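Asks: no sequence on hand, only this structure:
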């Protein structure tokens, strides 16, 4: 009888052990499944974060590209406007050099009256000038305009040394001074040409822009040709200028 109880006890123990083992396997399987599920969720979340980050980067790049295009267009338009006035100033300097036009020294600003005011676009983007196709040419162009203004203001406000003889004769802008002014303006035109025609970025040109830029390039070339005939010894025709 005791043998039977012993067998029953062993049988119950074995079943308990088996059930415990099965439960342990089930628990392990559940743990593995939960771990894999959590890992898949983490991977999915990471993928979503990666996609979001990629979208944000693409959006920032698009905004940067649009900003670059807007800056280039704005500067090109402003330079184009100034070029028209520079051409007029060069032509006036030619007339002074030829003696067909005389301007009182105190009215020397008349030579550059159309662009005496300060530029608007360039100061606003000066810290991003490196984004332009021709940053050096752009900077030098505006520097030449500033240089010419300084020269003219110095002549206009010049005070002669006191003289025993009181002289009431009107002083006029000298021909050699007109040549110096023209020299700086000619350099400005040489620098501006590549900016105006939008070299290196043809994809942004519309048909109208292409025509306007070609016309401005023609006017610049005509002005430079005329200026070279009037001022053949100008330094601007000796040293090449460009972007």
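Replies: Nice, thanks for sending it over. Since the model is a prediction, treat every value here as computed from it, not as a measurement.

Asks: separation between residue 63 and residue 141?
Replies: Noted for residue 63: a distance of 28 Å to residue 141, by Cβ to Cβ, to the nearest Å. From N, CA and C alone the C-beta is placed, and that goes for glycine too.

Asks: between those two, who's got more neighbours?
Replies: Set side by side, residue 63 and residue 141 show more neighbours around residue 141, with 29 against 10, by other Cβ atoms under 10 Å.

Asks: thought the more buried one was touching residue 191?
Replies: Yes. Taking contacts as Cβ atoms under 8 Å, residue 141 lies within contact range of residue 191: 4.5 Å.

Asks: which element follows the lowest-mean-pLDDT helix or strand in the chain toward the C-terminus?
Replies: Ranking every helix and strand in the chain by mean pLDDT, DSSP states H and E puts helix 2-98 at the bottom, with a mean of 75. Remark: after helix 2-98, the chain's next helix or strand is helix 121-125, criterion DSSP states H and E.

Asks: just the buried residues of the helix or strand that that following helix is followed by, please?
Replies: Note on helix 121-125: by DSSP H and E, the next helix or strand toward the C-terminus is helix 135-156. Within helix 135-156, the residues that qualify as buried are 137-138, 140-142, 144-145, 147-149, 151-152, 155, counting by 16 or more other Cβ atoms under 10 Å.

Asks: how far away is the closest residue to residue 115 other than its chain neighbours from residue 188?
Replies: Leaving out its chain neighbours, the residue that sits closest to residue 115 by Cβ to Cβ, 6 or more residues apart in numbering is residue 85, at 4.3 Å. For residue 85, the distance to residue 188 equals 10 Å [Cβ to Cβ].

Asks: who has more neighbours, these two?
Replies: The neighbour comparison of residue 85 against residue 188 (other Cβ under 10 Å) goes to residue 188, with 26 against 16.

Asks: check contacts around the closest residue in space to that one that isn't next to it in sequence.
Replies: Computed as Cβ to Cβ, 6+ apart, the closest residue to residue 188 that is not its neighbour in sequence is residue 144, at 3.9 Å. Remark: with contacts taken as Cβ atoms under 8 Å, 6 or more residues apart in numbering, residue 144 is in contact with 184-185, 187-188, 191.

Asks: against residue 186, how distant is residue 144?
Replies: Distance of residue 144 to residue 186, given as Cβ to Cβ: 9 Å.

Asks: cool, residue 208 as well?
Replies: Distance from residue 208 to residue 186, by Cβ to Cβ: 28 Å.

Asks: more neighbours, those two?
Replies: Using other Cβ under 10 Å as the criterion, residue 208 and residue 186 rank with residue 186 on top: 24 against 8.

Asks: does that one touch residue 89 like I think?
Replies: No. Using Cβ under 8 Å, residue 186 is not in contact with residue 89, being 10.3 Å away.

Asks: residues touching the closest residue to residue 114 other than its chain neighbours, list them.
Replies: Nearest in space to residue 114, with sequence neighbours left out and distances taken as Cβ to Cβ, 6+ apart, is residue 85 at 3.8 Å. Contacts for residue 85 (Cβ under 8 Å, 6+ apart) come out as 112, 114-115.

Asks: and the residue nearest to residue 115, how far from residue 75?
Replies: Counting by Cβ to Cβ, the gap from residue 85 to residue 75 is 16 Å.

Asks: quick check: mean pLDDT of stretch 138-147?
Replies: Averaged across stretch 138-147, the pLDDT comes to 95.

Asks: part of a strand, is residue 229?
Replies: No. Counting by DSSP: H, G, I helix; E, B strand; the rest coil, residue 229 falls outside a strand, being helix.
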